[in-house]
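# Curious how this folds, go ahead:
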Amino acid sequence: MHRLNPLLTIFVIIFGSIILLCSSQAYPFQKTTTFGNAINSFTHKSQKIFIALTGRQPGQKDAQIEYDNESFKLNTSLPEDALAFDAGPLSFQHSHYTADLIIPHFGSEDLSWLSQLPSAIHPIIYTHSSSSQTLPPHASKTILATKGHEALTYLTHITTHYDVLPDILIFTHPHPTAWHNNDLLSLSTALTLSRLNPHHVLAAGYFNLRCHWDPGCPTYLHPSSPDPALLPGSDALRQEEPLVAAAWSDLFPAEPVPADIAQPCCGQFAVSRAQVRAQPRARYARVKGWLEETALGDEMSGRVLEYLWGYLFSGREVSCPDMRSCYCGAYGVCFGSEEGFQGWFEMKWRRGQYLRELERWALSEREVDKFRRQGRVDEVALMDKLDPGRIDWLEREIRGLEEKMERVKREAWERGRDPKNREID
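Numbers count the residues shown, from 1 in each chain. Here you go, the predicted structure:
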């Protein structure tokens, strides 16, 4: 027994470290942070462990948490005054640029959020069903079959309208909110587009709407040397890697297979007219033809193209902009310092930890109730050790963090209204 204790101690330390490191993916660590590089490297090597320990994919929000008290479930609804908040002269709220918003619609998604967009953005819906949803007066609708999730919609629009394009094209999914939208914009698609800075898009040429690196950055697919273990149909997170390698000669026949392809997920981006036309129409038509003819199903063909959009438009193999600069320059969410920016995500991480602890208490309480109903007295005696004081403390801490996070976020929004702050942040 005495010989086992040190081993048990080491195991507990290692196991606890894994949990801490995996949970740390909620931090927005960047390439400018040494510790952040270690975290990014660790999470990319241990995603299976992360899923096993947390029950969720890396990048998923803690909306999955189901603590019984409704007031402590993650609130993904948009604050009533968020869209009314003036994002300043550089946003689409005050834009003289024209923009088309291209959206695939699969029939069930609520599109009412489109009415919240600035008038400068013209929604174009490619629907895959006979949905009778009421669209905003300035929206248009086209019937189109689906392939590769959103990919066929995007490529069809580009090849069809290549000669008649607005200043900016925006490509998004139809959901009003999604886990892969930006945390500091309430995960809201409408708020993301309302605050988007068209000048930033025009300067970048191609701009991924997601500021967060995980998943996709700083390194992701390695098509020149695909991992043979990443087989389609497996539980691997990068199972498209060998498929990208196999399809490369069909997609880009005159271009060498890159060693690395990386950009933030998840197939939502904005691109300027000039950037689209920097490539010949034939380039997009060739990729569209591959998509229509490939034997790959809807999911895997879409995953092949998900991380190739930046390369398709710009030829850049890696596009991982600094996260703080992305938030400030593109959306006017400016903290004024790296410490302030990281501090907001530290509060978010702590809130998630406390919510998970509350969930564990709730699970224990449900187990106690079940054993009590079944008359299993011994099990009740072992488990009924809930600490109301700890639960009350957790609830107070969560409320305090939420209030401070909202206040700090609004201050960052206000700071970002000034173009000078966007230049120096």
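
# switch to C-alpha atoms for all contacts and neighbour counts from now on
Noted.

# the helices in the stretch 251-400 of the chain, which residues?
Counting by DSSP state H, counting those that start in this stretch, the segments of the stretch 251-400 of the chain that form helices are 273-277, 281-293, 298-306, 309-314, 323-331, 338-373, 377-383, 388-415.

# which residues sit against the first one?
By CA atoms under 8 Å, 6 or more residues apart in numbering, the list of residues contacting helix 273-277 from outside reads 162, 165, 166, 167, 168, 169, 205, 206, 313, 314.

# Looking at these, which are in helices?
Among those, DSSP state H puts 313, 314 in helices.

# any chance of the contacts of helix 273-277 in a markdown table, plus distance to residue 373 and neighbour count?
Formatted as a markdown table, these follow (distance: CA to CA, whole Å; neighbours: other CA atoms under 10 Å):
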| residue | distance to residue 373 | neighbour count |
| --- | --- | --- |
| 162 | 67 | 16 |
| 165 | 66 | 19 |
| 166 | 65 | 16 |
| 167 | 65 | 17 |
| 168 | 62 | 24 |
| 169 | 59 | 24 |
| 205 | 63 | 20 |
| 206 | 60 | 27 |
| 313 | 62 | 20 |
| 314 | 63 | 17 |
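
# now for the contacts of helix 273-277, which pair is the farthest apart?
Pairwise distances among the contacts of helix 273-277 were taken by CA to CA; the largest, 18.2 Å, belongs to 166 and 314.

# what about residue 84, neighbour count?
Residue 84 has 12 neighbours, counted by other CA atoms under 10 Å.

# Flag the shaky bits of the stretch 301-425 of the chain, pLDDT-wise.
Residues of the stretch 301-425 of the chain meeting the criterion pLDDT under 70: 363-369, 371-372, 375-386, 388.

# hang on, the earlier thing: any chance of the contacts of helix 273-277 in CSV, with distance to residue 416 too?
Conversion of these to CSV gives the following (distance: CA to CA, whole Å):
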residue, distance to residue 416
162, 34
165, 30
166, 26
167, 24
168, 22
169, 24
205, 22
206, 22
313, 29
314, 28
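
# From the contacts of helix 273-277, which shows the smallest pLDDT?
Minimum pLDDT for these is recorded at residue 314 (92).

# thinking that residue is in contact with residue 207, fair?
No: if you go by CA atoms under 8 Å, residue 314 and residue 207 don't touch, sitting 10.2 Å apart.

# quick check, distance from stretch 416-425 to the centre of its chain.
Centroid displacement of stretch 416-425 relative to its chain, using CA atoms, centre = their mean, to the nearest Å, is 24 Å.

# hang on, I meant stretch 409-424
Here stretch 409-424 shows a centroid-to-chain-centroid distance of 22 Å under the convention CA atoms, centre = their mean.

# Show me which residues of that stretch are buried.
Residues of stretch 409-424 classed as buried: 409, 410, 412, 413, 414, 415, 416, 417, 418, 421, 422 (neighbour count, 16 or more other CA atoms under 10 Å).

# just to revisit the earlier point, right, so of the helices of the stretch 251-400 of the chain, which gets closest to residue 128?
Checking the helices of the stretch 251-400 of the chain against residue 128 by CA to CA gives helix 298-306 as the closest, at 13.3 Å.
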